[in-house]
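Chemist: A predicted structure for the sequence below; I have some questions about it.
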Amino acid sequence: MIGSPFHVLAVVDSTNNYAMAEVNSGNVTNGSAYFAMEQFAGKGQRGKQWHSPPGENIVLTVVVQPPIKLSQQFLLSATIALGAADFFAKYAGDETKIKWPNDLYWRDRKAGGILIENVLRGSQWQYAIVGMGININVPQFPGGLVNPVSLRQITGKEWDSLALAQDLCSFLDRRFNDLPLVSEKALLDEYKSKLFRYQETGLYKMDGEFFSGIIRDVLPSGLLQLERDGKILSLGVGEVEFVKTS
Ligand SMILES: O=C(O)CCCC[C@@H]1SC[C@@H]2NC(=O)N[C@@H]21
């Protein structure tokens, strides 16, 4: 079960690193969770850093044994994003969205991010180390970040981040248990129903050039199908930037 056991750590470099070390020492069972009060070298996607002021936010890693093949890894990413969105929508309402591939959004602002690292045994997918950073009690963000938002900014209230992290685990668990049961199509349809800018015109940037595009689909591989001037571009992570307009 995701969230059991649930470990609360005082200070770590990164909960993903901590969980990875636990996996390597053989101390982990499927569903183990690691929550940090303070994380001083948090890792974001594509080599970026993830900053989170001590005690304010959800800083959580769960370790799971995926019931699918490594070649289907986007389906796990979508499952986790859906679980995180289910959780966040409970508190922030139905303007909660997923920004491709797996950012947690509220309206057009980023409320959280997900970093999944894989542990292979030979060519087998042994574990996924699923790290989640979700902005909970931050009253205001420093300048320089593109478009962050916290649950406190949305609701006007302070929350117990630890209790929320445990609640998040139960939402992840529900989605994760469904993963072997739902069809790929049903999973992707649900993912697209929550997708930020799906079938809407939006502003994008590629190779230094701005253009208007429409997200038409996301493939089982995770490739984004973005329409530009009537043609469909198949894009991987990092190939296109979403430009904020408001
Ligand atoms: O860049 C992103 O959007 C992904 C951010 C993921 C941050 C979380 S915080 C808990 C876990 N530990 C890390 O070092 N990173 C992830």
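Modeler: Here it is on my side, so go on.

Chemist: Contact partners for the residue in the chain that the ligand sits nearest to?
Modeler: Scanning the chain for proximity to the ligand using Cβ to the nearest ligand atom identifies residue 113 as nearest, at 1.9 Å. (C-beta placed from N, C-alpha, C; glycine too.) Under the criterion of Cβ atoms under 8 Å, 6 or more residues apart in numbering, the contact list for residue 113 reads 44, 45, 50, 102, 103, 104, 132, 133.

Chemist: mean confidence score for stretch 165-172?
Modeler: Throughout stretch 165-172, pLDDT has a mean value of 98.

Chemist: what does the chain put close to the ligand?
Modeler: 14-16, 42-45, 48, 50, 59-61, 103, 113-115, 131-133 (Cβ under 6 Å from any ligand atom).

Chemist: ok, 8 Å please
Modeler: 13-17, 36, 39, 41-46, 48, 50, 52, 58-61, 103, 110, 112-115, 131-133 (Cβ under 8 Å from any ligand atom).

Chemist: Mind listing what's buried along the lengthiest strand in the chain?
Modeler: What stands out as the longest strand in the chain, according to DSSP state E, is strand 109-121. Of all the residues in strand 109-121, those buried under the rule 16 or more other Cβ atoms under 10 Å are 109, 110, 111, 112, 113, 114, 115, 116, 117, 119.

Chemist: Using PDB, list the CA coordinates for stretch 98-109.
Modeler: Written as PDB, here are the backbone C-alpha positions of stretch 98-109 (Å, rounded to 0.1, in the frame of the first residue of the first chain):
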ATOM      1  CA  ILE A  98      -2.000  18.400 -15.100                       C
ATOM      2  CA  LYS A  99       0.500  20.200 -17.200                       C
ATOM      3  CA  TRP A 100       2.200  17.900 -19.700                       C
ATOM      4  CA  PRO A 101       3.900  15.700 -18.800                       C
ATOM      5  CA  ASN A 102       3.300  15.600 -15.100                       C
ATOM      6  CA  ASP A 103       3.300  19.000 -13.400                       C
ATOM      7  CA  LEU A 104       0.500  19.800 -11.000                       C
ATOM      8  CA  TYR A 105      -1.300  23.000 -12.000                       C
ATOM      9  CA  TRP A 106      -4.000  25.200 -10.600                       C
ATOM     10  CA  ARG A 107      -5.400  27.500 -13.300                       C
ATOM     11  CA  ASP A 108      -2.200  28.500 -15.200                       C
ATOM     12  CA  ARG A 109       0.100  28.200 -12.200                       C
END
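
Chemist: May I see the buried residues of it?
Modeler: Going by neighbour count (16+ other Cβ under 10 Å), the buried part of stretch 98-109 is 98, 99, 100, 101, 102, 103, 104, 105, 106, 108, 109.

Chemist: could you measure the first one against residue 77, distance?
Modeler: Noted for residue 98: a distance of 10 Å to residue 77, by Cβ to Cβ, to the nearest Å.

Chemist: got it, and the third one?
Modeler: The gap separating residue 100 from residue 77 is 10 Å, by Cβ to Cβ.

Chemist: do the same with the last one
Modeler: Plainly put, residue 109 is 21 Å away from residue 77 if you go by Cβ to Cβ.

Chemist: Quick check: next helix or strand after the helix or strand harbouring residue 17?
Modeler: Using DSSP states H and E, residue 17 sits in helix 15-24. Per DSSP H and E, the first helix or strand lying C-terminal to helix 15-24 is strand 33-39.

Chemist: the inter-axis angle of that next one versus helix 15-24?
Modeler: 140 degrees (axes from the mean of the first three to the mean of the last three Cα atoms, to 10 degrees).

Chemist: Please name the strands paired to strand 33-39 in the sheet, noting orientation.
Modeler: strand 6-12 (parallel), strand 58-64 (antiparallel) (DSSP bridges).

Chemist: With that, I have no additional questions.
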